[in-house]
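*Asks:* A structural model of the following input is requested.
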Amino acid sequence: MVGNAYKTNDELIKIIKETEVDTSYAYESDRFLDERIGFLSSNCDHVLDVGKCSRDRFKLFRKDQITTVDISQYDGYPDVVDDLCNINTLKWDSFDGIICMSVLEHVYAPHLAVDNLRKLLKKDGYCLIHVPFFYRYHGSLDLKMQDYYRFSRDGVAYLFRDFGEVTIYPIRGSHSSIFNLFRFWKPRVEKIFGQSANKAIDKIGGLFSRGDEALTQVSGYYLWVRK
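*Replies:* Purely as a prediction, here's the structure:
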């Protein structure tokens, strides 16, 4: 039994170490999203937007190109009501692009949701993901939207292990991510100073911390995955 445990842990270590991590967009989320969502709008015929999370970039898509899905029905939204953890309406292998940002922390079973994203995606299709790691609770007071999970580098490497290609992109640095917990930080400090404040904080903090924290102690991650 002990031998099996060691074998399992060796396999987990292999998954994590073999998953590519790219820090080049740590302070350039807008550029990353412009590039990736721009790619999907230019190269995909049928895109699924979970929670209409593309936000202002939703306008990049033609109406016949993109489908929105949510677990609840609102006025004029979404196109399809379905549960990402228990698909009943959407069809497997239907989309060559999927956008699922800031959603997986709100689903009750993220391992089922990720498996279903893979099944919904056509072969060679692309999926753009965002998950938080070091971030405050952000469910609604009436609990119509719940906030269940946070995701580490190791966790997302494992969750997306069955995709053909996976790249993880850390967001912010190990010290500036602490300030992101405060509600005023993004709308006030980052809006005024951009990412220069975060860079300065991480440069100073980096003098007193390990280099690997730039990969593991961050505010969240983008993932760019291919089936």
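*Asks:* going forward, measure contacts between C-alpha atoms and count neighbours the same way
*Replies:* OK.
*Asks:* the residue nearest the centre of the chain sits in which helix or strand?
*Replies:* The centroid of the chain falls nearest to H130 when counting by CA atoms, centre = their mean (1.5 Å). Applying DSSP states H and E as the criterion places H130 in strand 121-132.
*Asks:* and that strand, how far from the chain's centre?
*Replies:* Centroid separation for strand 121-132 versus its chain: 9 Å, with CA atoms, centre = their mean, to the nearest Å.
*Asks:* picking that back up, contacts only, for the residue nearest to the centre of the chain.
*Replies:* Listed by CA atoms under 8 Å, 6 or more residues apart in numbering, the contact partners of H130 are C100, M101, S102, V103, G220, Y221, Y222, L223.
*Asks:* contacts only, for the third one.
*Replies:* Spelled out, that is S102. Taking CA under 8 Å, 6+ apart, we find S102 in contact with C53, I129, H130, V131, P132.
*Asks:* just the residues you listed now: which is nearest S174?
*Replies:* Nearest to S174 among the contacts of S102, counting by CA to CA, is P132 at 13.5 Å.
*Asks:* would you map the helices across the protein?
*Replies:* 2-18, 29-43, 110-120, 153-159, 176-179, 191-193, 196-205, 213-216 (DSSP state H).
*Asks:* for the shortest one, give me every contacting residue.
*Replies:* I take that to be helix 191-193. Outside helix 191-193, not a single residue reaches it (CA under 8 Å, 6+ apart).
*Asks:* what's the mean pLDDT across it?
*Replies:* Averaging pLDDT along helix 191-193 gives 90.
*Asks:* what's the pLDDT at V2?
*Replies:* Per-residue confidence (pLDDT) for V2: 54.
*Asks:* so for the lowest-mean-pLDDT helix or strand in the chain, what gets flagged as buried?
*Replies:* In the chain, the helix or strand scored least confidently by mean pLDDT, DSSP states H and E is helix 213-216, which has a mean of 83. In terms of neighbour count (16 or more other CA atoms under 10 Å), helix 213-216 has its buried residues at A214, L215, T216.
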